[in-house]
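Visitor: The sequence and its predicted three-dimensional model are supplied below.
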Amino acid sequence: MTADPSITSNGESEAKHSPSEPLLSVDGLSVQFQSLDGPIEAVSDIDIRINRGETLGLVGESGSGKSVTARSILRLLDSSASLDGRIHFDDTDLLALDEAELRPIRGNRISMIFQDAGAALNPVLTVGDQVSETIRMHQDIPGEGISGVERNALTSLLRPTDWPKRFEESWARTIELFDRVGIPEPDRRAFEYPHEYSGGMRQRAMIAMALSCRPELLIADEPTTALDVTIEAGILDLIEELQAEFGTAVLFITHDMGVINEVADRVVVMYAGRIVETGPTRELFEHPKHPYTEALLDSVPTLDGTESLDPLSGNVPDPQNRPSGCPFRDRCPEANAACDGRFPPAYGVHPEDEPATVSERGSTTVPEPRRDGSDHATRCVLYGDVDVLQHEPGLSGSSTAEPEGDK
Amino acid sequence: MTTETERARRSVFGSFLRTVRRDKLALGGAVGLAGISFVAIVTPWVIGYDPSTTNLALMLQPPSMEHPLGTDRYGRDILLRIVVGARTSLFVASLGVGIATVIGVALGSISGYYEGVVGESIMRVADTVFAFPALLLALSLVAVLGQHQYNVIVAVGIVYWPIFARITRGSVLSVKQKDFVQASQSIGERDYRIIFGEILPNVTAPIIVQATISLAVAILLESALSFLGLGVPPPDPSWGRMLAESRDFMTQAPWWTIAPGMAIVVTVLSLNFVGDALRDALDPQQEDMLEDER
């Protein structure tokens, strides 16, 4: 996987001179897992950038590599994963850091909330204990740091549940946070265990923990998938509120297009470990370019029932057995011979662009590639340039015939 | 529903007490164990005479007012020797199992958290130790180290740590998969705190149950070592050696055999009941279920 042109490559040369550097930029990230049957590439060639304070939605079906991407950013994958590429967070190369150097970033500058807050909270520790601990770990409150021997199995079991209350400053902040995220009676509920909370309350506690240090980036991995819709709306509102208050950028992962529409400023669509389309939320919803994005949008029910549902048939290809070329081509209604060759680079597109039809492909009516810094880009041969089409028959994944404009 | 202040003060010890109050067997076990420990600790200081003094005129007396459990072939009071023997047995077993638990839990959790070379090497060492029959290993250790109470303790520790390592490793492996471990990594916790502060409190139940079982087994092992003449050296009384000595007189003086046997049974049973109660007390969810039942 050499220097494929990246979706952000257009904006990047500009960004170097502009003061508004992205908070997080992921370039050419690939993640491989070692398995008994050989290496499995979970995600390939991912480019993402997130600006300060914005919400980036990451959508895709199960198995499309959303969570792997998110976890790579905090380096939470287990040791069998090998990461390739660059992950830059505010001028720090996260992939170059060791565990000790990562620690002050994790939970402090970047934090994460998980799909199942019930499982993400330690069942044998009180919720208040867990939240206050994050504060004590990162906030350097004098006299309230965590000592090396303080929590081991024995003291955790034998100490009274009101132990964290001894650390007055951090405890006060904990209670304040509980109150802020909408947990009623924080003085009492902070002493309860996670199983005594409802699902929505757990997620609120999780959010309290994640935002306790006012991180610059919050990674939300399907935070509302396990919740009722009514609760979901509350949680989404809470995240947006706190985001505005703290100026936190959010990477919001979900498979729910409706949720994305509500929260995201920009959207990245993933399929089978690759990014297939990216763009501003509104434009992408109104003018989806990649057939996969279209299919995703078609499978969302509308309230008035004017559009019939058009569910996508088939499944995400097995990561061990991904077809060469475009991974979506087996399910794509518009697949053609050019899709077999290789996965195309990112083409900038305009809302009014129409896909070139197969009959037009050989002709000169193929739309010109847009490389004018437009934010909307897709990786589909339908929006490709002549250069790709000329090489159509013999293209393979390792082809060096990159479009010139990217170099 | 507990009140606010009660809930705030709730600790594992408190919840253990509540479990005991509910559960008759646990109550019996706790009372039994407390009684045995109390007697074992206090009696040797308050008794007026040496349990090892022999008086052949009184040999093999059946139970009587003066000697409630009879006497042995040297005319020593069996009740007195049982009481003093409890001290030896409990001391050796609990210290030995303590050593085994500390070593086994530490190595097992490290091995479970760091799979791969580190984890595998620890477990291979554990397997090697595990491959020896417990009694044989303990025997040879005591034979090599010399017959002394502390060497018996060391032997018990070495013989039983692999069980703890295995149980801990297995539990850690499964708990490690839970999201909260990743969540604590994501907030920047250090590895040793994740292992000992986050994961370990979740795996205490099987360890505590194993510890109580091992205590019982260690009492038996100490008895067996004493039975074979390699336990706590004579003339200090030990339940195992009392059994061994009484063997030849089982038909004439069954009380001599029954007394230490019953002592072992009662202690082992009490330990098991207390272990069960502790296991319940250590699980906050379990406790709430019990609370709801009331």
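Guide: Cool, got the structure.

Visitor: just wondering, since we're on B:Tyr74, how far is it from chain A?
Guide: Going from B:Tyr74 to chain A by CB to the nearest CB, to the nearest Å gives 44 Å. Glycine gets a C-beta too; all of them are placed from N, C-alpha and C.

Visitor: For chain B, just list every one of the helices.
Guide: Secondary structure of chain B (DSSP state H): helices at B:4-9, B:12-22, B:24-46, B:78-113, B:117-131, B:134-145, B:149-176, B:179-186, B:191-193, B:204-227, B:239-246, B:254-281, B:284-293.

Visitor: Dump those into CSV; add mean neighbour count and mean pLDDT as well.
Guide: Supplementary listing: those in CSV, determined by neighbours: other CB atoms under 10 Å in any protein chain shown; pLDDT from 0 to 100:
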stretch, mean neighbour count, mean pLDDT
helix B:4-9, 13, 42
helix B:12-22, 18, 70
helix B:24-46, 15, 80
helix B:78-113, 23, 88
helix B:117-131, 14, 91
helix B:134-145, 16, 89
helix B:149-176, 22, 91
helix B:179-186, 24, 86
helix B:191-193, 15, 82
helix B:204-227, 23, 84
helix B:239-246, 23, 82
helix B:254-281, 21, 83
helix B:284-293, 14, 54
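
Visitor: Turn those helices into CSV, columns for distance to chain A.
Guide: Compiled in CSV, the helices of chain B are given as follows (distance: least, CB to the nearest CB, whole Å):
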stretch, distance to chain A
helix B:4-9, 5
helix B:12-22, 5
helix B:24-46, 17
helix B:78-113, 8
helix B:117-131, 11
helix B:134-145, 26
helix B:149-176, 9
helix B:179-186, 4
helix B:191-193, 6
helix B:204-227, 6
helix B:239-246, 30
helix B:254-281, 10
helix B:284-293, 5
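
Visitor: okay, now A:Glu245: neighbour count?
Guide: 11 (other CB atoms under 10 Å in any protein chain shown).

Visitor: do A:Glu185 as well
Guide: Look at A:Glu185: counted by other CB under 10 Å, it has 11 neighbours.

Visitor: Please name the nearest non-neighbouring residue to whichever residue of the stretch 101-250 of chain B sits closest to chain A.
Guide: Checking the stretch 101-250 of chain B residue by residue against chain A with CB to the nearest CB singles out B:Ile187 as nearest, at 3.0 Å. Leaving aside its sequence neighbours, B:Ile187 sits nearest to A:Gly107 (CB to CB, 6 or more residues apart in numbering or on different chains; 3.0 Å).

Visitor: ok, now A:Glu286?
Guide: With CB to CB, 6+ apart as the measure, A:Pro351 is the residue that lies nearest to A:Glu286, at 7.1 Å, once sequence neighbours are left out.

Visitor: Tell me the secondary structure at that neighbour.
Guide: coil (DSSP: H, G, I helix; E, B strand; the rest coil).

Visitor: who's in contact with it?
Guide: By CB atoms under 8 Å, 6 or more residues apart in numbering or on different chains, the contact list for A:Pro351 reads A:Glu283, A:Glu286, A:His287, A:His376.

Visitor: Narrow these to those that are buried.
Guide: With neighbours counted by 16 or more other CB atoms under 10 Å in any protein chain shown, those contain buried members at A:Glu283, A:His287, A:His376.

Visitor: okay, the residue in chain A that chain B sits nearest to: pLDDT?
Guide: Among residues of chain A, the one nearest chain B by CB to the nearest CB turns out to be A:Gly107. It sits 3.0 Å away. pLDDT for A:Gly107: 84.

Visitor: So what does it have for phi and psi?
Guide: Recorded main-chain torsions at A:Gly107 are phi 80, psi -20, according to degrees, to the nearest 10.

Visitor: ok, now A:Ile113?
Guide: For A:Ile113, the backbone dihedrals (degrees, to the nearest 10) come out as phi -120, psi 150.

Visitor: burial of it, as a residue count?
Guide: Taking other CB under 10 Å as the criterion, the count of residues near A:Ile113 is 25.

Visitor: Nearest residue to B:Gly98 in space, please, no chain neighbours.
Guide: If the residues on either side of it in the chain are set aside, B:Gly98 comes closest to B:Gly157, at 7.7 Å by CB to CB, 6+ apart.

Visitor: List the contacts of the one you found.
Guide: Applying CB under 8 Å, 6+ apart, we find B:Gly157 in contact with B:Leu95, B:Gly96, B:Val97, B:Gly98, B:Ile99, B:Ala100, B:Ile103.
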